[in-house]
Structures are given as C-alpha cells and as structure tokens.
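A.B. asks: I would like to see how this sequence folds:
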Amino acid sequence: MNPGIFLALLGTLILTPDALFMRLSELSGGEMVAWRATQGGSIFFLIGLLPFIWPRSEVKPKIWRKSFLALILVQMANVFCFAYGIFLAPVAIVLIAVATVPVFSIILGAIVLKEVVDFKTWLIVIVVFLGVGLSAVGDVKSNDLYNRSTALGGLCGLVVAFSLACNFVIIRKDKDVAFPLALGTGGIICGLIAFSFWPSALEIKPNSLFYISITGLIILPISFILLSKAARVTPASNVSIIMLLETILGPLWVWVFISESPQLLTILGGAIVISALVYFFSIKFTEMA
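C.D. replies: Presented below is the predicted three-dimensional model:
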C-alpha cells in the first residue's frame, strides 16, 4: 500500500472517536475550544521543537516563510470551528459539512499544485457525499434541521473542511515547512484566546477534563500528525477522501456509547460511503500492481 494512503487511513481511524469524547465531556463550545486547542497545540508544539533541539537532526524545518503563517491561521480556524460546531449542532450535521473537504482539496490542488484528478475520483467524491447526506438525514431529527444553531454548526463544518484542505495543500506544496510547530502555535493561540473569553473553562469538572484530555492530548495530535505526513506523499484529494470515513464512524461511536440508535437511512448512507471507499482503495491497489 502507498505509504501516504496507509498514514491517512491510520490517522482517520484514530480520529473517529473524537466527536464522542467531545460530547462526553459535556463542555460548552468555548470550553471545548479552550482545552482541546491548548492541549493539542502543546503536543504539536513539543513535537515541532524536536528537530531544533535534537543534536542528531540534520534537516531543520523552515519557519520564516508565508506557508508557516498560513498553517497557523488555518489551524486556528480548524480547532475553533470544529469544537464549536459540535457544540452547536448534531454531530451528523457538522460531519456532512466537513465531508466537503475533498471538493475543496481538489479545487485548491488544481489551482495551487496543478494536480488534476480523474473522473473516477470525482465520481467517488460525489457518491460519498451523497451517502453522507443520506446518513445525516436519517440521523437528525426534523426539528433540528431548521434552526439557527444547526445552520451555524453546519457553517462551522464548512470552515473546517476548507481549513483542512488548505492544510493538506500547503504541506504538500512546501515539504520543508515546520508544520507541527505551526499547528501547535495556532492551537495554543486559539486556546488561550478561548480561555480569556470563556473563563468558566478553568472551573470544569474532573470528569469533563478527563474526556476532553483524551481528544486534546491523544486523538487530535496523533491523528493530524499522521494525516499531515500523508499529505506530503500523496495528493491532498486522496487524504481528504479517506478522511470521510470519520463522517460514518464518528457518529457510530456516538450511537454505541450514548445509546442513540441509527435509523435505516443512516445505515444505508453509511453502506454507500463504505462501498465507495472500498472501491477507492481497490483503485489504489490496482495502480500499485
């Protein structure tokens, strides 16, 4: 298997229970941003420092360039909007918006990297998006579809999708940029700002701190380091398509542990997504043969 495909798949699987632990923390949107961004950012930052302090490191990643600043900004948008979107709207609504990330990746990849995807890839993206949409319709109650909170949560999901696409394209274009350090800086800045606006985050219960720490200290940094590494060795569109597994497996974790039973449309949509991704992997294996 292509190492980029493998890293993207591993990173996505690690990321799938992220929304579950955020929900279990029972924190407000601002409180989630404060803790998740600061914790994840701190781990990213420490990892990013290693090449600069490790004496045997021969290659020093680059900091003073535009791509480093761009990564800081997109990471701030990513961590803020995902956490706040999960707080505002049903998980499925946010994840269907995040499912547009392959579209943004393909467009940005074509503009910035001159990478043009074939018809099969576009077809997979469309089928997967329809499957995610069907899954969301089955998972969301009708009264949740037409309110301001859901709309804002969906908008947050779109911002996350665009931010992720920017992240992958920037890292693929500039392979020398110190991306863990940039992601860490963006996360810490976003988290500290959130603490200043939501001081209640300093008074959360131990149980809430436990759950948010699982996502902030473990899930977020490990998954995004792997996904970012993957984006360096395979097109951003491939990473984005594989990430769509989260849109199905993420709500599945919530259903299992928070006793939410999936509807028929949800199961059907999930089956469509899984089938499309199996076809995608079969294409990649054929290309390597």
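
A.B. asks: phi, psi of the residue nearest the centre of the chain?
C.D. replies: Nearest to the geometric centre of the chain sits Leu164, at 6.5 Å (Cα atoms, centre = their mean). Reported as degrees, to the nearest 10, the phi and psi values for Leu164 are phi -60, psi -40.

A.B. asks: correct me if wrong: it contacts Val101.
C.D. replies: Yes - if you go by Cβ atoms under 8 Å, Leu164 and Val101 touch, sitting 4.9 Å apart. Using the backbone N, CA and C atoms, a C-beta is placed for each residue, glycine as well.

A.B. asks: so what sits against both of these two?
C.D. replies: Here Leu164 and Val101 share the contacting residues Ser240, Met243, scored by Cβ atoms under 8 Å, 6 or more residues apart in numbering.

A.B. asks: circling back: the residue nearest to the centre of the chain: what's it in contact with?
C.D. replies: Leu164 makes contact with Val74, Asn78, Val98, Val101, Phe104, Ser105, Ser240, Met243, according to Cβ under 8 Å, 6+ apart.

A.B. asks: whatever helix or strand the fifth one lives in - contacts with which helices or strands?
C.D. replies: Phe104 belongs to helix 101-108 when assigned by DSSP states H and E. When contacts are defined as 3 or more Cβ pairs under 8 Å, 6 or more residues apart in numbering; DSSP states H and E, helix 101-108 sits against helix 119-139, helix 148-173, helix 236-243.

A.B. asks: quick one: list the elements packing against the shortest one.
C.D. replies: This points to helix 236-243. Counting contacts by 3+ Cβ pairs under 8 Å, 6+ apart, helix 236-243 packs against helix 3-15, helix 101-108, helix 119-139, helix 148-173, helix 220-233, helix 264-288.

A.B. asks: now the ones you listed in JSON lines, with distance to Ser25 and mean pLDDT?
C.D. replies: Compiled in JSON lines, these are given as follows (distance: least, Cβ to Cβ, whole Å; pLDDT from 0 to 100):
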{"stretch": "helix 3-15", "distance to Ser25": "16", "mean pLDDT": "91"}
{"stretch": "helix 101-108", "distance to Ser25": "24", "mean pLDDT": "86"}
{"stretch": "helix 119-139", "distance to Ser25": "21", "mean pLDDT": "79"}
{"stretch": "helix 148-173", "distance to Ser25": "17", "mean pLDDT": "89"}
{"stretch": "helix 220-233", "distance to Ser25": "13", "mean pLDDT": "89"}
{"stretch": "helix 264-288", "distance to Ser25": "24", "mean pLDDT": "79"}
